[in-house]
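1. turn this into a structure:
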Amino acid sequence: MRPIRVGVVGLGVMGRQHLRVLRGLVEFDVVAVADPRSEDLDTSGERSAGICVYSEPEELLKHDLDAVVIASPTSMHVPQATLFLRAGVHVLLEKPIAPDVTSAQTLVRVARRSSARLLIGHIERFNPAIDALRSLIAAGNLGRVLSVSARRVGVARPALPATNVIADLGIHDIDIIQLLTGSEPVVLGATGGSLPGNHQEDFAFVLLSYGDVAAAVETNWITPLKSRRLSVTGTGGFVDLDYVRQEVTVYEGRIDPVEHATSHFSAVWQTAQGRPLWVLQGEPLMRELLHFAACVRGQSEPAITCDEALAALAACQRATDWVREAQPRLVATSHG
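-> Here you go, the predicted model:
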């Protein structure tokens, strides 16, 4: 089976990571890359490897590509993905799917009319720790899931953020909770703000519901320590997950009735020390790209549907509206 001929659009931080992994996978043959700053970037490594370097994504269509990875700024997602989908080229598009719900809906319509596949790069869906947690929940070992809490903070904001922290960072957990619960997110409230002089939100706290599951997502670019954690509480226990370390710790519990002279109620008692759940660790980006290869070859359906990507973006947009409509708006102040 011949390698998949692939191009990469956007050579920023994430685009470079895609390029690194793609070049190490036998499933792919990287043919060309495009970035408007190509003349200013150090692309000697790509050129010496026989990869064509262009400034415009349209130029990639000179080649007989099977697929393309788009890691451009969010504002360019819809026109660039549309270009390739209409040409019958399979697309892996970095999250979020689009800068707003209206343009995302337009792209989804294009994708549904195309013969090519569209996969949105919600990379945490390919984190092995999430696989382990999903198996635990599916086996009923947590009982009924009651609530989920996520904390995704630090370290530094992009120099020129195209989106706010909710759509850039918080969307990961908003989507993962959607995956765990099988329900779309509904925003119940949000608060947040920005550092002095910034126009995009730098910190936020979002309350959501997913069916009968309550959820909270805290996210910011301010905390001087990178932390990516998820906690799940069920009637049968509690799970603490570390995305970065790919570690999952399970605390089992037991519901017991408590008798009292004037009342009767139930309480959950811890019955064991936390135990680590076995996780087959691996690089999420590599797993995502291997999944993309399977989608291109018709061996798999995309792990995230366009509707799910759209629902996650819609929740981010609603949370942002909630923050901006709040009076008075919560804004951090400088010291001094």
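2. buried residues in the helix or strand hosting Gly45?
-> Element membership of Gly45, judged by DSSP states H and E, is helix 44-48. The neighbour-count check on helix 44-48 (16 or more other C-beta atoms under 10 Å) flags Glu46 as buried. Every residue, glycine included, has its C-beta placed from N, CA and C.
3. got it, and stretch 304-317?
-> By neighbour count on 16+ other C-beta under 10 Å, the buried set for stretch 304-317 is 304, 306, 308-317.
4. can you check stretch 218-227 too?
-> Across stretch 218-227, burial judged by 16+ other C-beta under 10 Å covers 218-222.
5. neighbours of Arg83, how many?
-> Quick fix: residue 83 is Leu, not Arg. For Leu83, the neighbour count with other C-beta atoms under 10 Å is 19.
6. residues in contact with it?
-> 57-58, 61 (C-beta atoms under 8 Å, 6 or more residues apart in numbering).
7. before we move on, the earlier item: for the buried residues of stretch 218-227, work out which two are farthest apart.
-> Glu218 and Trp221 (12.2 Å; C-beta to C-beta).
8. quick one: common contacting residues for those two?
-> Val153.
9. what about the contacts of Leu83, which one has the most neighbours?
-> Using other C-beta under 10 Å as the neighbour criterion, Pro57 leads the contacts of Leu83 with 25 neighbours.
10. what about that residue, distance to Leu11?
-> For Pro57, the distance to Leu11 equals 12 Å [C-beta to C-beta, to the nearest Å].
11. Val239 reaches Ser231, doesn't it?
-> Yes - between Val239 and Ser231 there is a contact under C-beta atoms under 8 Å: 6.8 Å.
12. would you reformat the buried residues of stretch 304-317 as TSV and include pLDDT and distance to Thr191?
-> Shown next, in TSV, are those (pLDDT from 0 to 100; distance: C-beta to C-beta, whole Å):
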residue	pLDDT	distance to Thr191
Ile304	97	28
Cys306	96	30
Glu308	98	26
Ala309	98	25
Leu310	98	24
Ala311	98	22
Ala312	98	20
Leu313	98	20
Ala314	98	19
Ala315	98	15
Cys316	98	15
Gln317	97	16
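13. follow the chain on from the helix or strand of the chain with the lowest mean pLDDT and name the next helix or strand.
-> Lowest on mean pLDDT, DSSP states H and E among the helices and strands of the chain sits strand 264-270, with a mean of 69. Downstream of strand 264-270, the first helix or strand assigned by DSSP H and E is strand 275-277.
14. using neighbour counts, pick out the buried residues of that following strand.
-> For strand 275-277, using 16+ other C-beta under 10 Å, the buried residues are Leu277.
15. cool, stretch 243-251 as well?
-> Under 16+ other C-beta under 10 Å, the buried positions of stretch 243-251 are 243, 246-248, 250.
16. again with stretch 14-21
-> 14-16, 18-19, 21.
17. cool, stretch 18-37 as well?
-> Buried-residue list, stretch 18-37, by 16+ other C-beta under 10 Å: 18-19, 21-22, 25, 27-36.
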